[in-house]
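**Q** Have a look at this prediction, sequence included:
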Amino acid sequence: MMCTLVFSVVALAVFIAQGQVLWIPGLIVGAGSIIGVQLSVRFAINAKQKTLKWILLAMAMLVCVAALLK
């Protein structure tokens, strides 16, 4: 995790220096990620293991179908 943080901070600094940061979309995506993680963790803690397995299977199948159609 620390490695990801270091690379992200360096990359952000480079993009800021080049004037290539789209701040509004970036902040919206960041806020959405934070909210999504909070909701997902709460759901994962409260859901049954069998439910999580079915959700994982469904998501994997959707990704496979999307990859085949692309």
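**A** That came through fine.

**Q** What's the separation between Ala44 and Pro25?
**A** Distance check for Ala44 against Pro25: by CB to CB, to the nearest Å, it reads 28 Å. (Each C-beta comes from the backbone N, C-alpha and C, glycine too.)

**Q** More neighbours: which of those two?
**A** Ala44 (12 against 9; other CB atoms under 10 Å).

**Q** count of residues packed around Ile55?
**A** Counted by other CB under 10 Å, the residues lying close to Ile55 total 13.

**Q** could you say what helices and strands the longest helix belonging to the chain packs with?
**A** Using DSSP state H, we find that the single longest helix of the chain is helix 23-46. Counting contacts by 3 or more CB pairs under 8 Å, 6 or more residues apart in numbering; DSSP states H and E, helix 23-46 packs against no other helix or strand.

**Q** correct me, but Phe15 touches Val21?
**A** Yes - Phe15 is within contact range of Val21, at 5.1 Å (criterion: CB atoms under 8 Å).

**Q** any residues in contact with both of those two?
**A** Common contact partners of Phe15 and Val21 (CB atoms under 8 Å, 6 or more residues apart in numbering): none.

**Q** any idea of the angle the one helix or strand Met61 maps to forms with helix 23-46?
**A** Under the criterion of DSSP states H and E, Met61 resides in helix 49-69. On the basis of axes from the mean of the first three to the mean of the last three CA atoms, to 10 degrees, helix 49-69 is oriented at 140 degrees to helix 23-46.
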